[in-house]
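K.L.:
whatever this is, show me its structure:
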Amino acid sequence: MKHTYTVTGMTCNGCRTSVEDKLNALPEVKNASVNLETSEAIIEMSSHISTETLQNALSDKYSISEKHIFNTPTDINAQEKSELQQLFPLFLIFAYIIVASILLNNNPWNTNGLMLDFMGLFYIVFSFFKLLDLKGFPKSFKMYDPLAKVMPVYGWVYPFIEVALGILFLMRIEIPTALIITLIILGITTIGVTKTLLDKKSIQCACLGTALKLPMTKATFIENSIMIVMAIIMLIKIYN
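P.N.:
Modelled structure (predicted):
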């Protein structure tokens with residue numbers, strides 16, 4: 001019998017080989033083939049193996065789940081619920097950033113200040129999670145960012161670019177320059193995210209580094225789009 005599984009957390013061929021070797025080492029597995037691009041593992045087994053057993057065979061870096069074909073409304077709702085649960089940390093962080101930005105600009109109300117503080121806090125918080133695993137982040141980031149694919153060093157400096165941009169926005173220093181850089185780097189990343197979503201690839205999102213295993217979903221596209229829209233609005237206000 002053959003079963004198809006989704007494996008997240010793989011960032012390079014070394015990861016793929018490690019996952020493949022660990023799965024093939026299980027006595028019930030006849031053959032396990034892992035595809036890095038699609039984040040899929042096709043396992044031929046002599047007898048049924050629970051997903052828990054497969055997960056225990058892998059390191060904590062990887063997460064494996066059986067891939068289902070969702071046909072009924074109930075199945076689709078279950079899939080959507082699962083994705084929302086996985087993305088809960090992202091939504092929670094966004095909520096904190098929004099509330100903090102509102103409180104900082106509530107009395108008196110300052111829309112421009114709110115957007116600048118939102119962007120500044122966004123960069124500071126998101127860079128923090130990336131810096132928690134500076135070694136693993138570049139490998140995950142280059143899976144979908146076009147520039148990181150051709151220039152691996154970009155993945156290493158990207159978290160520090162976010163730190164610098166966060167400071168510029170919060171301190172109100174060189175705002176036009178920071179806005180233009182935001183449009184460039186997030187524009188490039190959004191192109192990669194869009195391509196990944198259109199190709200329906202199941203990979204790990206590096207927006208919060210590798211500390212939190214978040215799947216690449218439309219939420220990633222939306223988060224980048226919000227920042228891009230804010231940057232465009234601020235630039236229009238500055239130069240009008």
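K.L.:
dump the residue contacts of Leu116.
P.N.:
Counting by Cβ atoms under 8 Å, 6 or more residues apart in numbering, Leu116 makes contact with Phe169, Leu170, Arg172, Ile175, Met234. Placement of C-beta: from N, CA and C, glycine included.
K.L.:
go ahead and confirm the last one touches Ile175.
P.N.:
Spelled out, that is Met234. Yes: using Cβ atoms under 8 Å, Met234 is in contact with Ile175, at 7.2 Å.
K.L.:
higher neighbour count, these two?
P.N.:
The neighbour comparison of Met234 against Ile175 (other Cβ atoms under 10 Å) goes to Met234, with 20 against 17.
K.L.:
grab the nearest non-local neighbour of the more buried one.
P.N.:
In this structure, Met234 finds its nearest non-sequential neighbour in Leu179, 5.4 Å apart by Cβ to Cβ, 6 or more residues apart in numbering.
K.L.:
returning to that earlier point: adding distance to Pro27 and secondary structure, write the contacts of Leu116 out as a markdown table.
P.N.:
A markdown table is the format used below for the contacts of Leu116 (distance: Cβ to Cβ, whole Å; DSSP: H, G, I helix; E, B strand; the rest coil):
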| residue | distance to Pro27 | secondary structure |
| --- | --- | --- |
| Phe169 | 55 | helix |
| Leu170 | 56 | helix |
| Arg172 | 63 | coil |
| Ile175 | 61 | helix |
| Met234 | 60 | helix |
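K.L.:
how about those, which pair is most distant?
P.N.:
With Cβ to Cβ as the measure, no two of those lie farther apart than Leu170 and Met234, at 14.1 Å.
K.L.:
and the strands in the chain?
P.N.:
Using DSSP state E, the strands found in the chain span residues 2-8, 29-35, 40-45, 63-66, 204-205, 214-215.
K.L.:
among those, which comes closest to Phe88?
P.N.:
Closest among the strands of the chain, using Cβ to Cβ: strand 214-215, at 9.6 Å.
K.L.:
isn't Gly9 up against Cys15?
P.N.:
Yes: Gly9 lies in contact with Cys15 (Cβ under 8 Å); the separation is 7.1 Å.
K.L.:
mind listing the shared neighbours of the two?
P.N.:
Listed as contacting both Gly9 and Cys15 by Cβ under 8 Å, 6+ apart are Lys61, Tyr62.
K.L.:
burial check on the closest residue to Leu165 other than its chain neighbours, number of neighbours?
P.N.:
Leaving out its chain neighbours, the residue that sits closest to Leu165 by Cβ to Cβ, 6+ apart is Tyr123, at 4.7 Å. Residues near Tyr123, counting by other Cβ under 10 Å, number 24.
K.L.:
distance of the residue nearest to Leu121 when sequence neighbours are not counted relative to Leu104?
P.N.:
Among residues not flanking Leu121 along the chain, Ile97 sits closest, at 4.7 Å (Cβ to Cβ, 6+ apart). Ile97 sits 11 Å away from Leu104, going by Cβ to Cβ, to the nearest Å.
K.L.:
go on, Trp156?
P.N.:
32 Å.
K.L.:
how about Ile232?
P.N.:
The gap separating Ile232 from Leu104 is 22 Å, by Cβ to Cβ.
K.L.:
returning to that earlier point: you'd agree the residue nearest to Leu165 is up against Pro159?
P.N.:
No: contact criterion Cβ under 8 Å: Tyr123 and Pro159 do not qualify, at 9.6 Å.
K.L.:
who's in contact with the residue nearest to Leu165?
P.N.:
Glu162, Val163, Leu165, Gly166, Phe169 are the contacts of Tyr123 under Cβ under 8 Å, 6+ apart.
K.L.:
list the contacts for the last one?
P.N.:
Neighbour list for Phe169: Leu116, Asp117, Met119, Gly120, Tyr123, Ile175, Ala178 [criterion: Cβ under 8 Å, 6+ apart].
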